[in-house]
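Trainee: Structural data only, the sequence is not supplied:
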């Protein structure tokens, strides 16, 4: 846990997930009013991928398609899972 992805030579899969911005605190339906507008969100996503490629290398970064209906499966293999939260600029 004290080593970075870069120092381990690991790979990164970046998947845009609009629904992570869901507010489920009230009502029966999730609200998405706190999510960035699609054009802003796509630009932020692209900037993140560009930075990841710059840091790790093109052959170490794969990405999902912004706005696409993707099916992603995940198997956590380790002692911990981290929740990463960020605030829009």
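Mentor: Looks like it arrived, so ask away. Everything quoted here is computed from the prediction, not taken from an experiment.
Trainee: What is the distance between stretch 10-19 and the centre of its chain?
Mentor: Stretch 10-19 sits 4 Å away from the centroid of its parent chain (Cα atoms, centre = their mean, to the nearest Å).
Trainee: Would you mark the buried spots in that stretch?
Mentor: Using 16 or more other Cβ atoms under 10 Å as the test for burial, stretch 10-19 gives residue 16. In short, each C-beta sits where N, CA and C put it, glycine included.
Trainee: Residues contacting that stretch, please?
Mentor: Contact partners of stretch 10-19, identified using Cβ atoms under 8 Å, 6 or more residues apart in numbering, comprise 5, 30, 32, 35, 41-42, 45, 48-49, 52, 56, 60-67, 70, 72.
Trainee: Report the rounded mean pLDDT for that stretch.
Mentor: Averaged across stretch 10-19, the pLDDT comes to 84.
Trainee: do stretch 57-70 as well
Mentor: The average of the pLDDT scores along stretch 57-70 is 91.
Trainee: Report the buried residues of it.
Mentor: 61, 63, 66.
Trainee: Next SSE downstream of the strand or helix carrying residue 49?
Mentor: Element membership for residue 49, per DSSP states H and E: helix 38-56. As assigned by DSSP H and E, the chain's next helix or strand after helix 38-56 is strand 61-63.
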